[in-house]
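*Asks:* build the 3D model from these lines:
(chains A and B)
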Amino acid sequence: MPGTPLLEVGRLVHMTPWGFVMEVSVTVNGEVRTVDVEPRTLLAHFLRDELGLTGTNIGCDTSSCGACTVLVDGRSAKSCTMLAVQVDGADVTTIEGLAGKDGLHPMQEAFHECHALQCGYCTPGMVMAAVSLVDEYSDLDADGVREGLEGNLCRCTGYQNIVKAVLAASE
Amino acid sequence: MIPAAVGYVRADSTEEAVAALREHGDEAKLLAGGQSLIPLMRLRLARPGLLVDMGRADDLRGISVDGDTVSIGALTSHSDLEHSAELAEVCPLLAHVASQIGDPAVRHRGTLGGSLVHADPASDLPAAVLALGGTLVATGPDGSREIEVSDFFTGFLESALAADEVLIAVRIPISTGGWSYQKFNRRAQDWAIVGVAVAESGAGVSLVNMGSTPLRASAVEAAVAGGAGVSDAASVAADGTEPPSDNNADASYREHLARVLTERALVDAGA
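*Replies:* Next up, the predicted model:
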């Protein structure tokens, strides 16, 4: 926004021909990334366009479908409903950061074993939401998984196997 | 959709937030969890000039019980309310209502104060705090003041908070009497088409999405206090309301839902 006074908030801020940008430093999948962003940049666009982490999908863009779900400080968040500036100093995990050096994360393994995906578009968000869900709620049953994943839509309607996979991973 | 260009300043304490609001006036908008504001900005229904991000003002987070009152910091998340063993003991209605909001990802980010200040008549928490008779604590350039929740909601998405004030806490009388929250919607994670909160076996009754603000169902409360039966008390639930008509329901259907859900809530609360 040319003409807006610069704001010093302990971070580098400056104007570019396309407006006001600020430096954001965030740990993504274990690696510190420092990038200049416009404050209006959504976290989903930051991950995909600035960091090239296109495993995080954007589905509805209305906070409904959960395809863009990532972990922020270990808890699920819809990255289309956060600004990149809000994760300054935070720890973000995307689907790319889930598998360890020993192979797939148990939730990914369970999705694979239970064939919990059809077209696969919802899968990254579904897996991230499920990882957070299992961590947050103990003693999950099938109803609890369905309720806990209410913010993640599968347009193939492949919910049966998704629920099976989450239950398998939670054991 | 991408929000319109906006300035940004981070305020990690109440003092910094008040100072930023005083400096930037009407142009500034407080950002808490962003679960209402960011969708509005994405649709460009909101176009603030400057965001004052309070999301990490940790002095405004937490739940504490003092005597017969529970105090909750404005930035306490829905998820923290839902999982608080202490809150479940002293104010189970509020903990339960928090667990019914949106989905887990929304509950991790959304905050009690943000929900109250957004003042959406379709939101769950404002109605719960109304039924419980809470007091809101706001801080501005001239210090702090208390606002009764019954005086707080002044219009559609409007509150009694001044432009340079910050909501810092909510104080609620401990409430362990019969309670219920009945939320009717067609899809999981949606807003309530109509909702009814009952506290203290019907001493406090409030309505979600039955007008331009969250509403107290005063006629129901009076009927319960006068010893009316559950059916008679519920029959006046829509009295004095002006519910909206939209794609989900017309006004007369909402009035019907208010009566049905109020009866269920009163029964559930043991009124």
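*Asks:* from here on, just use CA atoms for contacts and neighbour counts.
*Replies:* OK.
*Asks:* excluding its backbone neighbours, what's nearest B:Ser144?
*Replies:* Among residues not flanking B:Ser144 along the chain, B:Ala138 sits closest, at 5.5 Å (CA to CA, 6 or more residues apart in numbering or on different chains).
*Asks:* sorry, slip of the keys, the one I care about is B:Phe156.
*Replies:* That would be B:Ser212: by CA to CA, 6+ apart, it lies 4.8 Å from B:Phe156.
*Asks:* can you list the domains in the chain?
*Replies:* Using chain A here. As given by automatic domain parsing, the domain ranges for chain A are A:13-97, A:106-170.
*Asks:* if you could check chain B rather than the one you did, that'd help
*Replies:* B:7-53, B:58-173, B:180-268.
*Asks:* contacting residues around the residue of chain A found nearest chain B?
*Replies:* Going by CA to the nearest CA, chain B is nearest to A:Ala77 of chain A, at 4.5 Å. Taking CA atoms under 8 Å, 6 or more residues apart in numbering or on different chains, we find A:Ala77 in contact with A:69-71, B:105-106, B:108-109.
*Asks:* show me the residues you listed that map onto helices.
*Replies:* Judged by DSSP state H, helices contain the following of the contacts of A:Ala77: B:105-106, B:108-109.
*Asks:* which non-adjacent residue is nearest A:Ser170?
*Replies:* Leaving aside its sequence neighbours, A:Ser170 sits nearest to A:Val134 (CA to CA, 6+ apart; 5.9 Å).
*Asks:* host element of that neighbour?
*Replies:* Using DSSP states H and E, A:Val134 falls within helix A:123-136.
*Asks:* likewise for A:Phe111?
*Replies:* helix A:106-113.
*Asks:* over to B:Val196?
*Replies:* In this assignment (DSSP H and E), B:Val196 forms part of strand B:194-199.
*Asks:* what count of nearby residues applies to B:Leu40?
*Replies:* 15 (other CA atoms under 10 Å in any protein chain shown).
*Asks:* which parts of the helix or strand harbouring B:Val170 are buried?
*Replies:* If you go by DSSP H and E, B:Val170 is part of strand B:166-173. Neighbour-count burial for strand B:166-173 flags B:166-173 (criterion: 16 or more other CA atoms under 10 Å in any protein chain shown).
*Asks:* do stretch B:6-26 as well
*Replies:* Using 16+ other CA under 10 Å as the test for burial, stretch B:6-26 gives B:6-12, B:14, B:16-22.
*Asks:* ok, stretch A:125-144 next?
*Replies:* Across stretch A:125-144, burial judged by 16+ other CA under 10 Å covers A:125-134, A:136, A:140, A:144.
*Asks:* alpha carbons of that stretch, as PDB, please.
*Replies:* Taking Å, rounded to 0.1, in the frame of the first residue of the first chain, the C-alpha atoms of stretch A:125-144 are listed here in PDB:
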ATOM      1  CA  GLY A 125      -5.200 -32.000   4.700                       C
ATOM      2  CA  MET A 126      -7.000 -35.100   5.900                       C
ATOM      3  CA  VAL A 127      -3.700 -36.700   7.100                       C
ATOM      4  CA  MET A 128      -2.600 -33.500   8.800                       C
ATOM      5  CA  ALA A 129      -6.000 -33.000  10.500                       C
ATOM      6  CA  ALA A 130      -5.900 -36.700  11.600                       C
ATOM      7  CA  VAL A 131      -2.400 -36.400  13.100                       C
ATOM      8  CA  SER A 132      -3.600 -33.500  15.200                       C
ATOM      9  CA  LEU A 133      -6.900 -35.200  16.100                       C
ATOM     10  CA  VAL A 134      -5.200 -38.400  17.400                       C
ATOM     11  CA  ASP A 135      -2.800 -36.300  19.400                       C
ATOM     12  CA  GLU A 136      -5.600 -34.100  20.900                       C
ATOM     13  CA  TYR A 137      -8.300 -36.700  21.700                       C
ATOM     14  CA  SER A 138      -7.700 -39.900  23.500                       C
ATOM     15  CA  ASP A 139     -10.000 -43.000  23.200                       C
ATOM     16  CA  LEU A 140     -11.300 -42.000  19.700                       C
ATOM     17  CA  ASP A 141     -14.000 -44.200  18.300                       C
ATOM     18  CA  ALA A 142     -15.500 -44.100  14.800                       C
ATOM     19  CA  ASP A 143     -18.000 -41.400  15.800                       C
ATOM     20  CA  GLY A 144     -15.300 -39.400  17.400                       C
END
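*Asks:* in its sheet, what does the helix or strand containing B:Ala138 sit against?
*Replies:* Element membership for B:Ala138 (DSSP H and E) is strand B:135-140. Looking at strand B:135-140 with DSSP bridges, its partner strands are strand B:143-148 (antiparallel), strand B:166-173 (antiparallel).
*Asks:* the longest one: how far from the chain's middle?
*Replies:* I take that to be strand B:166-173. Put simply, strand B:166-173 sits 11 Å off its chain's centre (CA atoms, centre = their mean, to the nearest Å).
*Asks:* give me the next element, helix or strand, following it.
*Replies:* Following strand B:166-173 in sequence, per DSSP H and E, is strand B:180-184.
*Asks:* between strand B:194-199 and that following strand, find me the angle.
*Replies:* Calculated by axes from the mean of the first three to the mean of the last three CA atoms, to 10 degrees, strand B:180-184 forms an angle of 180 degrees with strand B:194-199.
*Asks:* could you confirm A:Arg48 falls within a helix?
*Replies:* Yes - looking at A:Arg48 with DSSP: H, G, I helix; E, B strand; the rest coil, it is inside a helix.
*Asks:* right, I'll leave it there.
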